[in-house]
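In: Predicted model and sequence below, questions to follow.
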Amino acid sequence: MDPHPRGRRRGRPTGCSREAIEALLRAGGTNTGIARELHTDTRRVAAIRAELDLGPARKTLTFAEKWAAVTEPAADGHLRWTGRRGDWGTPRMVYRGRDYSARRAAFEELHGRAPVGPVFPGCGWDECVRPEHLEDSPMRKALRTQLTAIFGEAAA
């Protein structure tokens, strides 16, 4: 019995049409993204790109470009999430090749460190994703300590 009934010995299937690849290339898709979407080989996509003289694939988006594409300004200086959401409605984004909570990714980008504990908006609006409004556990603890020092136990 032939272990490869279609005659393929290795590599990814190439059952997609050239027209489908061309359409996605002209729409600005990357070689890897198109290959993944159409279940074909990236070398095939790259060869078609070269034949069409479309130039190199677009560059990887920066964090700021990705962030701007999935957020919009809201009232009072807040920022509303318009992108993908997880199972419980949590804003989600792929950042540095990993699927993150969008708030964690924004916190890490702004502060240059991974957050400790959950990240929540400290501004009072639960839907806010403005990086400057996000706080992790040590930031919330420090704020509680400061408020207690100023206003006493009633502030805690």
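Out: Sure thing, it's come through.

In: roughly how far is the lengthiest helix in the chain from the heart of the chain?
Out: Among the segments of the chain that qualify as a helix by DSSP state H, the longest is helix 137-151. With C-alpha atoms, centre = their mean, to the nearest Å as the basis, helix 137-151 stands 32 Å off its chain's centre.

In: Check stretch 75-93 too.
Out: The answer for stretch 75-93 is 12 Å, by C-alpha atoms, centre = their mean.

In: which stretches of this structure form strands?
Out: 71-73, 79-81, 92-95, 98-101, 120-121, 134-135 (DSSP state E).

In: can you list contacts of the third one?
Out: Outside strand 92-95, the residues that touch it by C-beta atoms under 8 Å, 6 or more residues apart in numbering are 63, 66-67, 70, 83-86, 99-102, 105, 108-109. (C-beta placed from N, C-alpha, C; glycine too.)

In: where are the low-confidence patches of the chain?
Out: 1-15, 58-59, 155-156 (pLDDT under 70).

In: From the contacts of strand 92-95, pick the one nearest residue 29.
Out: Nearest to residue 29 among the contacts of strand 92-95 is residue 66, at 16.1 Å by C-beta to C-beta.

In: That closest one - how many residues pack around it?
Out: Neighbours of residue 66 under the rule other C-beta atoms under 10 Å: 18.

In: which residues touch it?
Out: By C-beta under 8 Å, 6+ apart, the contact list for residue 66 reads 93, 95.

In: measure it to residue 53 for me?
Out: Distance, residue 66 to residue 53, by C-beta to C-beta, to the nearest Å: 28 Å.

In: What of residue 129?
Out: Residue 129 is 40 Å from residue 53, by C-beta to C-beta.

In: again, but for residue 18
Out: On the measure of C-beta to C-beta, residue 18 and residue 53 end up 15 Å apart.

In: More neighbours: these two, which one.
Out: The residue with more neighbours, out of residue 18 and residue 53, is residue 18; 11 against 6, by other C-beta under 10 Å.

In: Tell me which residues touch the more buried one, please.
Out: residue 48.

In: any idea how far it lies from residue 37?
Out: In terms of C-beta to C-beta, residue 18 sits 15 Å off from residue 37.

In: got it, and residue 74?
Out: 33 Å.

In: what's the answer for residue 51, then?
Out: Applying C-beta to C-beta to residue 51 and residue 37 gives a distance of 20 Å.

In: Of those two, give the one with the bigger neighbour count.
Out: Per other C-beta under 10 Å, whichever of residue 51 and residue 37 has more neighbours is residue 37, with 14 against 10.
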